[in-house]
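Colleague: what follows is a predicted protein model with its sequence.
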Amino acid sequence: MKILVMNCGSSSIKYQLFNMDSNNWSVMAKGGVEKVGLKGSFLKHEKENGEKVLLEGEIMDHATGIDYILGVMTSERHGCIKSLEEIDAVGHRVVHGGETFNSSVFITDEVITKMKDCIELAPLHNPPNLKGIFAISSLLPHVPQVGVFDTAFHQTMPKHAYMYAIPNSLYKKYGVRRYGFHGTSHRYVSKRAAEILNEDYANLRIISCHLGNGASIAAIMGGKSIDTSMGFTPLEGLMMGTRSGDLDVGAVTYIMEKEMIGTKSASVLFNKHSGMLGVTGISSDMREIESAIEKGDELAKIGMEMYTYRVKKYIGSYAAAMGGVDVVIFTGGVGENGDDTRASICQGLEFIGVEVDPAKNKKLRSKEAVISKDGAKVKVMVVPTNEELVIAQDTMQIVEELVRK
Ligand SMILES: Nc1ncnc2c1ncn2[C@@H]1O[C@H](COP(=O)(O)OP(=O)(O)O)[C@@H](O)[C@H]1O
Ligand SMILES: CC(=O)OP(=O)(O)O
Ligand SMILES: [Mg+2]
């Protein structure tokens, strides 16, 4: 079964074409359109053999972008399939599923109506996700589509973890509560860790640290998310590349008053100009922060200390929430590659049984591995995430069930 996986952001469209069968899978092509609706838009396409193509063009909207993608996939020169009829299904990443979606779904008109109801909860993320779904509906009208939600895995959180201490009427009226994100990634790496360790997923207490541009951490007990650091939006929790993470609401209103800015500017300030970029003034990219530290930049050093300290604090609090921890997982670009970052986060956590083996950790990049000392109480692991694969697998499963019915 050939499955196209799409992740439509506000100005980008990422895609991967999977060739799936029940035991095996391969990526036939992948790539992305960037700067959708802006000047200088382009499409980067990579074939299975690693050959890369860059196509520049005016890509004014998501439908045009997806048309470009389907065009390149079937083109004689760069293509990987002969015709669009080879695509059996399309799976979409959808960021916010509210309280409506606790698992992946086959997309029907009814589902689209419910997805539209979730737009208010994620005005930046959900509209482009829906645009992708509509574009596929018009370009590939007979191909089944599946929605895979970032929030779904966290729908198992208990009320005391997801409620905010604000008037209950605000939860009732507007659904203001913790939802959590990156659920597809937390689900994948936690299951995978249990497989690698040959342990029963249902018996493990796992803390999963997804440290990418966006970063979140989840407490997973018996295979269920019981708490996570992102909240009503993907802004809460850890310090991120450009997002502030946890912040006193009093500071927010104070800054808005002093700087005389409204809600839109405040949202841009805390989402795009804060985090590592805001603190250091250098970059949101961890590699650049690391090289600035090497050159002796003081703010970069402080930024890094803030970053690792926060992750450490969350690990401690989630260990408390679960009455202990068996596995700590690092994933996402920083978690998978940042060996020094991993070491700093774990330093001082020996009291809960977290002990990293420096030799196993050093220079380990994007590879499944256990990096804790032999015999340590907690297994510390690196598990590269693969959200696209989960979307392809969910899509295949749902479409196969549909065919069986
Ligand atoms: N070798 C590396 N060492 C440290 N950080 C890295 C390395 N490679 C990538 N990263 C960091 O990973 C982050 C991007 O993570 P990624 O998961 O790819 O992002 P996204 O959330 O956009 O998917 C960037 O901050 C980048 O600097
Ligand atoms: C929800 C979210 O934060 O996603 P990303 O990490 O892709 O920005
Ligand atoms: Mg990523």
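Modeller: It's in. Residues are numbered from 1 along each chain as shown. Ligands and ions are numbered 1, 2, ... in the order given.

Colleague: OK, contacts around the closest residue to ligand 2 within the stretch 201-350 of the chain?
Modeller: Closest to ligand 2 within the stretch 201-350 of the chain is residue 214: 2.4 Å, counting by Cβ to the nearest ligand atom. C-beta: built from backbone N, CA, C; applies to glycine. Shown in contact with residue 214 (Cβ atoms under 8 Å, 6 or more residues apart in numbering): 181, 182, 230, 234, 240, 241, 243.

Colleague: and ligand 1, which of the residues you listed reach it?
Modeller: Residues shared between the contacts of residue 214 and the neighbourhood of ligand 1 are residue 241 [Cβ under 6 Å from any ligand atom].

Colleague: next, format the contacts of residue 214 as a markdown table and append secondary structure.
Modeller: Converted to a markdown table, the contacts of residue 214 look like this (DSSP: H, G, I helix; E, B strand; the rest coil):
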| residue | secondary structure |
| --- | --- |
| 181 | coil |
| 182 | coil |
| 230 | coil |
| 234 | coil |
| 240 | coil |
| 241 | coil |
| 243 | coil |
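
Colleague: between the contacts of residue 214, which sits nearest ligand 1?
Modeller: Ligand 1 lies nearest to residue 241 out of these, by Cβ to the nearest ligand atom, at 5.5 Å.

Colleague: which bits of this protein sit near ligand 1?
Modeller: 212, 213, 214, 241, 285, 286, 287, 332, 333, 334, 337, 338.

Colleague: show me the residues you listed that map onto helices.
Modeller: Among the residues of the chain next to ligand 1, the ones falling in helices (DSSP state H) are 286, 287, 332, 333, 334, 337.

Colleague: among these, who's most crowded?
Modeller: Among those, residue 334 has the most neighbours (other Cβ atoms under 10 Å), with 25 neighbours.

Colleague: pLDDT wise, what is the residue lying closest to that residue once chain neighbours are set aside at?
Modeller: The shortest distance from residue 334 to any non-neighbouring residue, by Cβ to Cβ, 6 or more residues apart in numbering, is to residue 211 (3.9 Å). You'll see residue 211 listed with a pLDDT of 98.

Colleague: again, but for residue 314
Modeller: Note on residue 314: pLDDT of 98.

Colleague: which stretch of helix or strand covers it?
Modeller: Element membership for residue 314, per DSSP states H and E: helix 298-322.

Colleague: show me what that helix packs onto, helices and strands only.
Modeller: strand 205-211, strand 215-221, strand 224-228, helix 275-280, helix 286-294, helix 339-346 (3 or more Cβ pairs under 8 Å, 6 or more residues apart in numbering; DSSP states H and E).

Colleague: just to revisit the earlier point, farthest pair within the ones in helices among the residues of the chain next to ligand 1?
Modeller: 287 and 332 (13.7 Å; Cβ to Cβ).

Colleague: okay, and the common contacts of those two?
Modeller: By Cβ under 8 Å, 6+ apart, no residue touches both residue 287 and residue 332.

Colleague: gap between the residue of the stretch 201-350 of the chain closest to ligand 2 and residue 193?
Modeller: 21 Å (Cβ to Cβ, to the nearest Å).

Colleague: centre of the chain to the helix or strand encompassing residue 43, how far?
Modeller: Per DSSP H and E: residue 43 is located in strand 42-47. Per Cα atoms, centre = their mean, to the nearest Å, the displacement of strand 42-47 from the mean C-alpha position of its chain is 21 Å.

Colleague: same for ligand 2: which of the ones in helices among the residues of the chain next to ligand 1 are within range?
Modeller: Within these, nothing lies near ligand 2 by Cβ under 6 Å from any ligand atom.

Colleague: for residue 45, state which of these is nearest.
Modeller: Using Cβ to Cβ, the shortest approach to residue 45 within those belongs to residue 333, at 21.3 Å.

Colleague: any idea what sits nearest the closest one, other than its immediate chain neighbours?
Modeller: residue 212 (4.8 Å).

Colleague: in this structure the one you found contacts residue 337, no?
Modeller: No: using Cβ atoms under 8 Å, residue 212 is not in contact with residue 337; the gap is 10.4 Å.

Colleague: who in the stretch 1-150 of the chain is up against ligand 2?
Modeller: Counting by Cβ under 6 Å from any ligand atom, the residues of the stretch 1-150 of the chain near ligand 2 are 95, 150.

Colleague: the stretch 201-350 of the chain now?
Modeller: Applying Cβ under 6 Å from any ligand atom, we find that the stretch 201-350 of the chain lies next to ligand 2 at 212, 213, 214, 234.

Colleague: and the pLDDT at the closest residue to the last one other than its chain neighbours?
Modeller: With sequence-adjacent residues excluded and distances taken as Cβ to Cβ, 6+ apart, residue 234 is closest to residue 181, at 4.7 Å. What the model reports as pLDDT for residue 181 is 97.

Colleague: phi, psi of residue 181?
Modeller: Per-residue torsions, residue 181: phi -140, psi -170 (degrees, to the nearest 10).

Colleague: and for residue 229?
Modeller: According to degrees, to the nearest 10, residue 229 has phi -80, psi -30.

Colleague: could we number from 405 for the rest of this?
Modeller: Done: numbering now begins at 405, and the last item shifts to residue 633.

Colleague: so it touches residue 614, yeah?
Modeller: No: here residue 633 lies out of contact with residue 614, judged by Cβ under 8 Å, at a distance of 9.5 Å.

Colleague: wait, a strand at residue 650?
Modeller: No: counting by three-state DSSP, residue 650 is not part of a strand but coil.

Colleague: per-residue confidence at it?
Modeller: What the model reports as pLDDT for residue 650 is 98.

Colleague: that one reaches residue 641, doesn't it?
Modeller: Yes: using Cβ under 8 Å, residue 650 is in contact with residue 641, at 6.1 Å.

Colleague: so which of those two has more stuff around it?
Modeller: Neighbour count, other Cβ under 10 Å: between residue 650 and residue 641, residue 641 has more, with 24 against 14.

Colleague: skip the chain neighbours and tell me the closest residue to that one.
Modeller: Leaving aside its chain neighbours, residue 641 sits nearest to residue 633 (2.8 Å; criterion: Cβ to Cβ, 6+ apart).

Colleague: please report the distance of that neighbour from residue 659.
Modeller: Separation of residue 633 from residue 659 (Cβ to Cβ): 22 Å.

Colleague: tell me the pLDDT at residue 529?
Modeller: What the model reports as pLDDT for residue 529 is 89.
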